[in-house]
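Participant: Give me a model of this one.
(2 chains)
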Amino acid sequence: MSGLDAGNWLPLVFMGLMALAMLIYVVLDGYDLGVGVLLPFARPEDRDLAIAAIGPFWDANETWLVLGVGLLLVAFPLAHGVILGALYLPVALMLIGLILRGVAFDFRYKVGAEHKPLWDRVFHIGSLLASFAQGWMLGHYITGFAPGWGAHAFALLIGVCLCAGYALLGAGWLLIKADGPLQAAAVGWARKALIGTAIGVAAVSLATPLVSPTIFAKWFQLPGLIALLPIPLATAALFVMAWVFLRRLGQDARNDNQRGLDRWAWAPFACAVGIFVLAFFGLAYSLYPYLVIDRIDIWQAASSPESLAIILVGAGITLPVILGYTIYAYRVFWGKAHGHAYGL
Amino acid sequence: MDEILLARIQFAANISFHILFPTITIALGWVLLFFKWRHHRTGESRWMQAYRFWVKVFALSFALGVVSGITMSFQFGTNWPGFMEKVGNVAGPLLAYEVLTAFFLEATFLGIMLFGEKRVSPRMHTLATFLVAAGTTASAFWILVLNSWMHTPVGYELREGVVHATDWWAIVFNPSMPYRLSHMLLASGLTVAFLLAGLSAWRWLRGDRGADVLTALRTGVFLGAALIPVQIFVGDLHGLNTLEHQPAKIAAMEGIWEDERGAGLRLFAIPDEEARTNHAEIEVPYLASLILTHSLDGEIQGLNSFPGAHPPVAPVFFAFRVMVGTGLLMLLVSWIGAWLLWKQKPLPTLWLKGMVLMSFSGWVATLAGWYVTEIGRQPWLVTGVLRTAEAASAVPAGMILTTLLMYLAVYLGLITAYISVVFHLAKKAGGAVDPSSGTQDRPTTLAGATS
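Facilitator: Predicted coordinates:
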């Protein structure tokens, strides 16, 4: 693995692109799914507003998953088969969840009032199922698909915790995009979700080094340990900051202090994004250069350099354009959402 | 049942469900743009009313297309890991270009198209509509390039048993691509034409006779009447192309067992693969040779010339007849309708009911056509390169069956909900018609049609 030949650096570039797509997916669709997880806790009259807050975005957000999995498929076909084969059942459950979530979103606007609660329930169940299945997949993946009850229980725990993590993102998003009682309710949801998220991040951080001696050595060896220490410390600091902001926002909500609410409404979401980014980075550091822990590395799994180069040219041209119009779309829908914003 | 058959059924169920919705959105996006453009040019409210109704159908179809499409992107890996391992160097870049040039574009601007009308300028809103239509078409282009390459692979070499691309120009413009792409885009146009006409005919029959309903009806009928002869012509070209590159598929489509000169066209038959013959044959002499070779005594290779390498005959044979039969029916009813509307005759109830029955005829023809071409490629996944059986995964049959049943239950529920919601929307739209804007600009010459 020496030298600067294309077979060496192209897989690295693609691993970076894939990780970036997955991270963007987790954050962006995370808040969509989180809103779905939280929907039954919202008062029926607030549900249109909650869904309008994600309406214009969810479809494009979900596309990042297609890109992430697509890059796994096209850049690392060998790993794609192994990973998705091992995760066959949770993948199927996640897909059914995403199907239900996506269609319920549209159906609920179009059916008669008597069927709307049904599609709200489908929307919730779909979001919950997709979130849980993704956490289950993550838990299973970081144990290297280990058999046994312990590993399965761990995967299920991560499934539950990811629901909390997405609920945190969803509540944070509603704090920004909603106002009135829904915004006030989101403060309370975010505080509860923050606890579940903390358990999940702690469980993943403790389990990954235990799964593989390679990962253990990476984290707990001097001087690496000192260089890496900022990651867990910063994560902990973000949790504390989120807690403090949420307490303050809770007081503002109780005192009907709308100015105070609007001033710091963005902060919990920003903290949550920071937590996800750091956790993701820590995980990526643990796994690198493996796509399947201690079994398949990125060079073993990569497609031919010629094909990767062709994709890279396309990605180099299109990704900046995609980012450009994505930012444009977020600017168009900047500000508070409206319950009846559906232009149909 | 064995794993491979189950994996194939599962994949076929998903892709069959999926294709229903892009078939609508690809052409409906352009029809919506047409409605907007007509409204801009004429200032008549009926065009905007038609847009507002059909954009709902578009949004619903789009959502179903997206979620079932995501399922596809995972199932390439879960069901056919051997596919990417063998031909990933060709399939990968094509799929990546589809995601990068089409998926993000259509998804992002769909948000602006559906939710942003009050937040952007009218010009920007029209541009968003255009970009959504362009995105769906670009998506069709890339996926049909890949599918066509699987039928007629060129521009590659095998190194250590793995396909490597050598000529991307040849891969993209592979021999069957222009025919397959045109055939599919026209199929989408016809599906939308008959959906427009059928749903509008249903509204018309219910007494919902606003100018916007007639506008959509006319658009659908004239679009269908114009496209169907083109489709028959392109379909014939596609058949000739298939004869050149995949003669075994043609032999199955025509039910021809032995090499034959002056082969007759089997209008109906029951192919029997055990006995390697047809039962209950109804045949028009010489016609198959005439159509396929454009000469009365042209030779067509029979199935027995491809021992162990031809597709299962009966499904291909019957699906082909369903497709052609539906196409001929489309020709009949759309030309009758075009004549009635052209001559401004009253619209007979029988014809309107026929159009309602034909609302989803595009789905029938499209699915049948895909079954012909995909089953017709068997036993190959990539003709001459990779057999379907070699690409299958090692997932146990029980697991595939369980997930298959889950998918089927979900799809059955969704297709029922989709069709009933589309008709519910049509009913609701009729109830909410504003009499002042609705009936005013209806052409008086058609007043007779209401009696």
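Participant: In contact with the residue most central in space within chain B, which residues are there?
Facilitator: Nearest to the mean C-alpha position of chain B, counting by CA atoms, centre = their mean, stands residue B:366 at 3.9 Å. Residue B:366 sits next to B:19, B:20, B:23, B:184, B:187, B:188, B:191 when contact means CB atoms under 8 Å, 6 or more residues apart in numbering or on different chains. (Glycine included, C-beta is placed from N, CA and C.)
Participant: Output the below-cut-off pLDDT ranges for chain B.
Facilitator: Low-confidence regions of chain B, defined by pLDDT under 70, span residues B:1, B:431-451.
Participant: the strands in chain B, which residues?
Facilitator: In chain B, the strands defined using DSSP state E lie at B:156-159, B:162-165, B:260-261, B:265-272, B:277-284, B:299-300, B:380-382, B:386-387.
Participant: which helices and strands sit right next to the first one?
Facilitator: Using 3 or more CB pairs under 8 Å, 6 or more residues apart in numbering or on different chains; DSSP states H and E as the contact test, the elements touching strand B:156-159 are strand B:162-165.
Participant: Try it again at 10 Å.
Facilitator: Secondary structure elements in contact with strand B:156-159, counted by 3 or more CB pairs under 10 Å, 6 or more residues apart in numbering or on different chains; DSSP states H and E, are helix B:81-98, strand B:162-165.
Participant: Strand partners (parallel or antiparallel) of it?
Facilitator: The strands beside strand B:156-159 in its sheet (DSSP bridges) come out as strand B:162-165 (antiparallel).
Participant: Quick check: closest non-adjacent residue to residue B:400.
Facilitator: The shortest distance from residue B:400 to any residue other than its chain neighbours is 4.3 Å, reached at residue B:6 (CB to CB, 6 or more residues apart in numbering or on different chains).
Participant: for the one you found, what are its contacts?
Facilitator: When contacts are counted by CB atoms under 10 Å, 6 or more residues apart in numbering or on different chains, residue B:6 is found next to B:79, B:392, B:395, B:396, B:397, B:398, B:399, B:400, B:401, B:403, B:404.
Participant: Quick check: phi and psi at the third one.
Facilitator: Note on residue B:395: backbone dihedrals following degrees, to the nearest 10 are phi -70, psi 130.
Participant: how much space between it and chain A?
Facilitator: Spatial separation of residue B:395 from chain A under the definition CB to the nearest CB, to the nearest Å is 5 Å.
Participant: name the element the nearest residue to residue B:89 once chain neighbours are set aside belongs to?
Facilitator: Spatially, and ignoring its direct neighbours in sequence, residue B:89 is nearest to residue A:307 (4.1 Å; CB to CB, 6+ apart). Assignment of secondary structure by DSSP states H and E places residue A:307 within helix A:305-332.
Participant: Give the buried residues for that helix.
Facilitator: Neighbour-count burial for helix A:305-332, counted by 16 or more other CB atoms under 10 Å in any protein chain shown, picks out A:305, A:307-308, A:310-312, A:315, A:318-319, A:322, A:325-326, A:329, A:332.
Participant: Number of residues surrounding residue 180?
Facilitator: No chain was given, so I picked chain A. When counting by other CB atoms under 10 Å in any protein chain shown, one arrives at 12 neighbours for residue A:180.
Participant: my question was about chain B
Facilitator: If you count neighbours by other CB under 10 Å, residue B:180 ends up with 23.
Participant: swap in the one 3 residues further on?
Facilitator: Other residues near residue B:183 come to 22 when the count uses other CB under 10 Å.
Participant: For it, list the residues it contacts.
Facilitator: Applying CB under 10 Å, 6+ apart, the residues contacting residue B:183 are B:144, B:176, B:231, B:234, B:235, B:237, B:238, B:239, B:241, B:366, B:369, B:373.
Participant: Can you verify my assumption that the last one contacts residue B:246?
Facilitator: Yes. Judged on CB atoms under 10 Å, residue B:373 makes contact with residue B:246 at a distance of 8.9 Å.
Participant: would you list every one of the helices in the stretch 51-200 of chain B?
Facilitator: With DSSP state H, counting those that start in this stretch as the criterion, the stretch 51-200 of chain B has helices at B:81-98, B:104-115, B:122-151, B:168-172, B:177-205.
Participant: Does anything pack onto the fourth one? Which helices or strands?
Facilitator: So the one you mean is helix B:168-172. Under the contact definition 3+ CB pairs under 10 Å, 6+ apart, helix B:168-172 sits against helix A:305-332, helix B:81-98, helix B:122-151.
Participant: Including distance to residue B:266, could the ones you listed go into CSV?
Facilitator: Conversion of these to CSV gives the following (distance: least, CB to CB, whole Å):
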stretch, distance to residue B:266
helix A:305-332, 44
helix B:81-98, 34
helix B:122-151, 23
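Participant: Tell me which other helices or strands the helix or strand where residue A:84 lies touches.
Facilitator: Using DSSP H and E, the element containing residue A:84 is helix A:77-86. In terms of contact count using 3+ CB pairs under 10 Å, 6+ apart, helix A:77-86 is assigned the packing partners helix A:58-75, helix A:88-110, helix A:116-142, strand A:290-292, strand A:296-297, helix A:298-301, helix B:45-79, helix B:81-98.
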